[in-house]
Every structure is written in C-alpha cells, then in structure tokens.
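Visitor: pasting the sequence and the predicted coordinates here, then a few questions.
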Amino acid sequence: MGFTYLLISMIILIIDESILELGLENAYNSFNETASNFLEKQGLSSSGPASKIVLKFFLALWCGILGAILTFPGLRIARMHWDLLKCFRENRAIQILLNLSFAMPFLLVILWIKPVSRDYLTVRIFSGREKPLLTKETFDTFRILIITATMILKILLMPWYLQAYLDMAYHRTEEQKKEAGRITNIDFQKKISAVFYYLCVVTVQYISPIVMVLFFTFMYKTLGEYTWVAFFNHDDYSVNTPSNSKVLDSFKNPGTVDGSIADTAAEVHLAIESLKSVFTADVFRGLFGFSTWWCCFLYFATTSVGLVYQSYFSGI
C-alpha cells in the first residue's frame, strides 16, 4: 500500500494547478525567491533551493509513508462502519448519517478540484444574480470550516464506532456456540477479554487520522493567514504586532542589562525574523494545503478499500 500511494501521489503531483489547486507551484516560486534573497543578504551566492523535481519526490515519498501508516486504521474504521450499518439496519436516518459521515472526506477532496469547486462557486454567475455565490476569501474560509465540521462530526460519532468494536465480543460468543467441540473457560475468557484489551489501540486508530487532519487544517488556516470570518480584515492584526524598530528599541533600552548583550540579542532577533521571512504565507498555504488535502484523500481511500475488503469477505 505504501508503494501504491507513492505512485498515486506522484501522479497527483504532476497534475496542472488549473485543475487541482494544491498551491505547490506558488509555494515553490515564493520559497525560491525569498530563499535566494536571504542567501544574497548573507553574502552567499545561490541560484535557489533544490529543484522542483527533487522537492516533489520527497513530498511523494512522505505521502507514500503516510498512506502505509493509515492503511490499517482505515481497515479498522471500515470494519466498525460495516458493523454499525448492520446494527442500525432498521433505522434509516442513522444509516444516512453514518454514510454521510463516511462520504464527507470525498466531498472534501472535491473542494480542491478547481473546475468543480472554486470556479463553480466563485466565478460562475447564476441566473438572477449579479455576482458569484462566494468570493475567493469566503471560499477559502468555507473550505476550512467544512473540514473542521466534518472532523467534529466524526468525533461525535466515535462512541458508536467504539461500541461496534466492543460488540465483537458478543459475536465471538455467538460463533463459539455454533462451533463443535469444547473449549476451556480460561481460553474462552482470553478470547473475549482480548477485545477489551485492544480497545485503546482501536481508539488511537480511529482518532489519529482525525487529529492529523485537524492539525494540518489549523496550521493551514493560521500560517496561511486565513481567517475564520471571510470579511474580517486581516491587516488589523498588524496594529498589535510590534515592528522591528520597536523590538530594537526594547533591546536597546538602557537599564541593568549591558549594551553589548542587548545589541547581540537584537541581532539574533533580526536574524530569526529574516529567516522567518523565507517561509511566506504562500509557502505555508502550499505545504499545509497539500497536506490537508492528502490526509482527506487518504482518509477516504483507506476506509473505502477497507469497506470493499469487508464486503467481499462478508459475501464469501
């Protein structure tokens, strides 16, 4: 599965940005420009960082490793989802809710396909309207909010999924009744208690993909300089942010600290600030935007493979 996702990620990384807006092209161009300027200020000659092919290769390698790690949690989630559907076979409303929660990661993946998401909502003008449904800023905020809402829904459904796993003890008991032969009480207790001992691992398998998606989403929102409210002016943050001159003045403020120590601290601070300027908002939007999209894709792909696997062996 690791090699499979490596191949899939390499195919995805060569798709044009006009179709799949991952933001990696803008991230690479911004990082190339800022890194070259930073090295020139430090007195070093450089034509830029590593080539685009090398960077995309390491991204694909990371994607393959992450896909291999999330494969078994996807199989486990699919098994619990399959058991839940059988448990609520008579309750159509809960089945719709479970299937909607299962399919939401696929809808999140579609939000990065530009012709059917951004262009449709921010460019196309429907009849009876004078402007598109959403602005570009509103669409970015909507995408972050819908990812967060999806993961929160999955967290709210977690008790049902864990209970579906615990019901395996009951199913094992029923299967034991159908088997011929005898079994000792100790072996029977071990067979049942193994389900409960493994509950903590199953919980980690269920919650880890959700935490990973939320982590990359919040990093994408914060470091990409997005806002929760689309019409909020982000420039207002600069009012409370101290400028470099104020920072220097604070370091050079006469007092008990020696002047040379203050100057050194100011130089270190300026060096850190100049190094931070290499990683612009476009760089973070590309890296964390792609990471968020890939985790959503893996969530749906691994659980879908697990559901196909489960349905096949259940049919047998």
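Guide: Looks like it arrived, so ask away.
Visitor: what about residue 287, neighbour count?
Guide: 22 (other C-beta atoms under 10 Å). The C-beta positions use only the backbone N, C-alpha and C, and glycine is treated the same way.
Visitor: can I assume it is in contact with residue 27?
Guide: Yes. Counting by C-beta atoms under 8 Å, residue 27 is a contact partner of residue 287 at 6.1 Å.
Visitor: okay, strands next: where are they in this structure?
Guide: With DSSP state E, there are no strands along the chain.
Visitor: from the contact counts, what lies against the top helix by length along it?
Guide: Ordering each helix of the chain by length in residues (DSSP state H) puts helix 281-315 first. When contacts are defined as 3 or more C-beta pairs under 8 Å, 6 or more residues apart in numbering; DSSP states H and E, helix 281-315 packs onto helix 2-13, helix 24-41, helix 52-69, helix 71-87, helix 92-110, helix 199-223.
Visitor: deepest of these, which one?
Guide: helix 71-87 (a mean of 19; mean count of other C-beta atoms under 10 Å).
Visitor: what angle separates that one from helix 2-13?
Guide: Using axes from the mean of the first three to the mean of the last three C-alpha atoms, to 10 degrees, one finds that helix 71-87 and helix 2-13 are set 90 degrees apart in direction.
Visitor: so what does helix 71-87 touch, helix or strand wise?
Guide: Going by 3+ C-beta pairs under 8 Å, 6+ apart, helix 71-87 lies up against helix 92-110, helix 158-166, helix 199-223, helix 281-315.
Visitor: list the contacts of the nearest residue to residue 123 once chain neighbours are set aside.
Guide: Using C-beta to C-beta, 6 or more residues apart in numbering and skipping the chain neighbours, the partner closest in space to residue 123 is residue 132 (6.0 Å). By C-beta atoms under 8 Å, 6 or more residues apart in numbering, the contact set of residue 132 is 121-125.
Visitor: tabulate those (TSV), appending distance to residue 305 and pLDDT.
Guide: Output for these, formatted as TSV (distance: C-beta to C-beta, whole Å; pLDDT from 0 to 100):
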residue	distance to residue 305	pLDDT
121	30	86
122	33	87
123	35	84
124	34	83
125	40	83
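Visitor: give me the buried entries from those.
Guide: Buried members of the contacts of residue 132, counted by 16 or more other C-beta atoms under 10 Å: 121-122.
Visitor: nearest to residue 300, of the contacts of residue 132?
Guide: Proximity of those to residue 300 was ranked by C-beta to C-beta; the top entry is residue 121 with 21.1 Å.
Visitor: do I have it right that that closest one meets residue 143?
Guide: No. Using C-beta under 8 Å, residue 121 is not in contact with residue 143; the gap is 10.0 Å.
Visitor: so where is the stretch 51-200 of the chain shaky, pLDDT-wise?
Guide: Scanning the stretch 51-200 of the chain for pLDDT under 70 picks out the ranges 179-181.
Visitor: rewinding a little: let's have the helices and strands packed on helix 71-87 in TSV, adding distance to residue 3.
Guide: Listed next are the helices and strands packed on helix 71-87 as TSV, based on distance: least, C-beta to C-beta, whole Å:
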stretch	distance to residue 3
helix 92-110	21
helix 158-166	29
helix 199-223	20
helix 281-315	14
